[in-house]
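Novice: pasting the structure only:
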């Protein structure tokens, strides 16, 4: 991949960490990036994993404490080294009272410099370890096939972050990431390489937006009938249901075929009800209809089957 920064490249964060990427060398046909760091007492990165990279650190000054997930903590003193293989969740920190200095390498180099530069900048921008929500969500979501942080709940990474990314894209929050390197995908995800990131995340937003709009529409009923405002909300929800259905089907059909079939029936049911509910709200108010009886009579006159006409006086979820 094309390297994004001129070396040596030094980054710092508010936690007292300084990291320098100072050279790239080729080893067995693979680029290896050489690093140096300085870490303040008690500071250090939280539990994290490099899915595609091996990492090695040698203590040059001070005392390091490190831990591999599920195993006891261990110590390193000056001259001692540790190697974290790809896929191994780990953390390390300065266990001494003075600045700790290390040297090491990460192989292959991949997007590590870009990713960590973005994470450090996010932390500095927000003034807290969690970082700026838009930047952190973008980086964690975009490079999820390469890196992960244990402390972030899975629900946040899989649902909340993609929503934040979509909102950030719509608000133009990511102009500074316009030259971001492409993430390195797992082989089984290579078919997603050409998909738009916005398209990939928008269905997740739709899964939330559709039922929320349905709920809001309920507040615009008058005298047991839906108004045009509620109808418009319901029609908009119908559009979100279509997008949500496509995303849900794509996501579940390869993992949970049975639930995919159930989801198909539920969403189709909701879409039919939502469309009828919404369009009826607009049309009946325009026609001056004020009672459920008149609404049912309208459904009969235009020849709708009884199973569909029931939606004309109920919510999209009449069960």
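Specialist: The structure has been received and is ready for your questions. Predicted model, so just to flag it, every value in this text is computed and none were measured. Numbers count the residues shown, from 1 in each chain.
Novice: wait, what's in contact with residue 80?
Specialist: By Cβ atoms under 8 Å, 6 or more residues apart in numbering, the residues touching residue 80 are 58-59. Bear in mind the C-beta positions are built from the backbone N, C-alpha and C, glycine included.
Novice: mind redoing it with 10 Å?
Specialist: Contact analysis of residue 80 by Cβ atoms under 10 Å, 6 or more residues apart in numbering lists 57-59, 63-64, 74.
Novice: Likewise for residue 127?
Specialist: Applying Cβ under 10 Å, 6+ apart, the residues near residue 127 are residue 14.
Novice: how near is it to residue 121?
Specialist: As judged by Cβ to Cβ, to the nearest Å, residue 127 and residue 121 stand 12 Å apart.
Novice: Just the ones of the contacts of residue 80 in helices?
Specialist: In helices, judged by DSSP state H, none of these are found.
Novice: Pull out the buried members of the residues you listed.
Specialist: Buried subset of the contacts of residue 80 (neighbour count, 16 or more other Cβ atoms under 10 Å): 57-59, 63-64.
Novice: Can you list the low-confidence ranges for this structure?
Specialist: For the chain, the stretches with pLDDT under 70 are 1-3, 185-200, 203, 221-227, 230, 244-319.
Novice: Strands of that one, start to end?
Specialist: Assigned by DSSP state E, the strands in the chain fall at 9-12, 17-27, 30-39, 48-50, 54-61, 64-68, 74-76, 81-84, 90-94, 100-107, 147-149, 221-222, 225-226.
Novice: partners of residue 61 in the sheet?
Specialist: residue 101 (DSSP bridges).
Novice: what separates it from residue 80, distance-wise?
Specialist: Distance from residue 61 to residue 80, by Cβ to Cβ: 12 Å.
Novice: hey, what's residue 18 bridged with?
Specialist: residue 12, residue 38.
Novice: Next, count neighbours for it.
Specialist: When neighbours are counted by other Cβ atoms under 10 Å, residue 18 registers 17.
Novice: residue contacts, it?
Specialist: Counting by Cβ under 10 Å, 6+ apart, residue 18 has contacts 10-12, 36-40, 43, 99, 101, 120.
Novice: Kindly report the same for residue 87.
Specialist: Counted by Cβ under 10 Å, 6+ apart, residue 87 has contacts 49-54, 148.
Novice: Give the ChimeraX command for selecting the buried subset of those.
Specialist: Restricted to buried positions by 16+ other Cβ under 10 Å, the ChimeraX selection for these reads:
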select :49,50,51,52,53,54,148
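Novice: Quick check: the two most widely separated of the contacts of residue 87?
Specialist: Maximum pairwise distance in the contacts of residue 87, criterion Cβ to Cβ, is 15.9 Å, between 54 and 148.
Novice: Assess the claim that residue 26 and residue 32 are in contact.
Specialist: Yes: in this structure, residue 26 is within contact of residue 32 by Cβ atoms under 10 Å, at 7.3 Å.
Novice: do you know how far residue 48 is from residue 55?
Specialist: The value you get for residue 48 to residue 55, if Cβ to Cβ is used, is 10 Å.
Novice: ok, residue 118 - how many residues close by?
Specialist: 24.
Novice: Tell me if I'm right that it and residue 137 touch.
Specialist: No: between residue 118 and residue 137 there is no contact under Cβ under 10 Å: 11.3 Å.
Novice: Between these two, which contacts overlap?
Specialist: Each of residue 131 lies in contact with both residue 118 and residue 137 under the rule Cβ under 10 Å, 6+ apart.
Novice: rewinding a little: and of the contacts of residue 80, the nearest to residue 163?
Specialist: Comparing those against residue 163 with Cβ to Cβ places residue 57 closest, at 35.8 Å.
Novice: quick one: contacts of stretch 145-153?
Specialist: Outside stretch 145-153, the residues that touch it by Cβ under 10 Å, 6+ apart are 45-53, 69, 86-87, 89-91, 110-112, 115-116, 119, 129-130, 136-137, 139-140, 154, 157, 159-161, 183-186, 189, 192.
Novice: Among the residues you listed, name the buried ones.
Specialist: Burial by neighbour count, judged by 16+ other Cβ under 10 Å, picks out 45, 47-53, 89-91, 110-112, 115-116, 119, 136-137, 139-140, 157, 161, 183 from the contacts of stretch 145-153.
Novice: Tell me which of these fall in helices.
Specialist: Counted as lying in helices by DSSP H, out of the buried ones among the contacts of stretch 145-153, are 112, 115-116, 119, 136-137, 139-140, 161.
Novice: just those residues now: which is nearest residue 175?
Specialist: Residue 175 has its nearest neighbour among these in residue 139, at 14.8 Å by Cβ to Cβ.
Novice: what's near enough to touch the closest one?
Specialist: 111, 114-119, 121-122, 131-132, 147, 161, 165, 177, 180.
Novice: Sweet, I'm off.
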